[in-house]
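[1] Make a model of this:
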Amino acid sequence: MKCFATAFFAFICTCMLCFSQPAFADDQCIDYAKPLATTARLLAKSIAATTEALVALNKRANANDITSFNDFVESAQERSEEMVETLNEQQERIMERAESTTDYTLCKKDLQDEIDTLKESTAKAQKLLIELKDSIKDLLDELKGAFFG
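    Presented below is the predicted three-dimensional model:
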């Protein structure tokens, strides 16, 4: 009877260990994916905020009869919206894939293509942010010239 109880207890412990292991691996995968998703989300927010600043400055410039930036601002706004949408989709995909994977090793392999895609998007987003920043600077210089010219 004692042998049976010991074997039954070992079986129960083994089952508990087997059921708890995938949850642990899933948590590791989510911890691995969170910084990637956060990067995409923060880039999207930065682009959106910078674009809003550019649009607000352009409205101010239009009020002062400076319309030379209108076409650029419109195209920049469209490109920014597309980039924000792309980055938000990537963030969602990364977290969905991380939450659906129960093995940490598979998670890292599974997310590798998302990492590569995020690197490409990050490079494009960085170029867009630099372009937006330069445009804001040029627009401010134009406004400064109109006020103090």
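
[2] burial measure for Ala98, as a count.
    Counted with other CB atoms under 10 Å, the neighbours of Ala98 add up to 23. In short, each C-beta sits where N, CA and C put it, glycine included.

[3] Check it and give its pLDDT.
    We note a pLDDT of 86 for Ala98 in this prediction.

[4] Next up, identify which helix or strand it is on.
    With elements taken from DSSP states H and E, the one containing Ala98 is helix 70-100.

[5] Report all helices and strands that that helix contacts.
    helix 2-63, helix 104-148 (3 or more CB pairs under 8 Å, 6 or more residues apart in numbering; DSSP states H and E).

[6] Any chance of those in CSV with mean neighbour count, distance to Glu89 and mean pLDDT as columns?
    Converted to CSV, the helices and strands packed on helix 70-100 look like this (neighbours: other CB atoms under 10 Å; distance: least, CB to CB, whole Å; pLDDT from 0 to 100):
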stretch, mean neighbour count, distance to Glu89, mean pLDDT
helix 2-63, 14, 9, 77
helix 104-148, 14, 10, 89
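
[7] Please tabulate the ones you listed in TSV, including the columns distance to Ile94.
    Below are those laid out as TSV (distance: least, CB to CB, whole Å):
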stretch	distance to Ile94
helix 2-63	5
helix 104-148	5
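
[8] tell me the secondary structure for Asp65?
    What DSSP: H, G, I helix; E, B strand; the rest coil gives for Asp65 is coil.

[9] Can you report how many residues neighbour it?
    By the measure other CB under 10 Å, the count of residues near Asp65 is 7.

[10] which residues sit in contact with the closest residue to it other than its chain neighbours?
    Distances taken as CB to CB, 6 or more residues apart in numbering place Ala146 nearest to Asp65, at 7.9 Å, with adjacent residues excluded. Contacts here follow CB atoms under 8 Å, 6 or more residues apart in numbering; on that basis Ala146 touches 61, 64-66.

[11] Cheers, nothing more for now.
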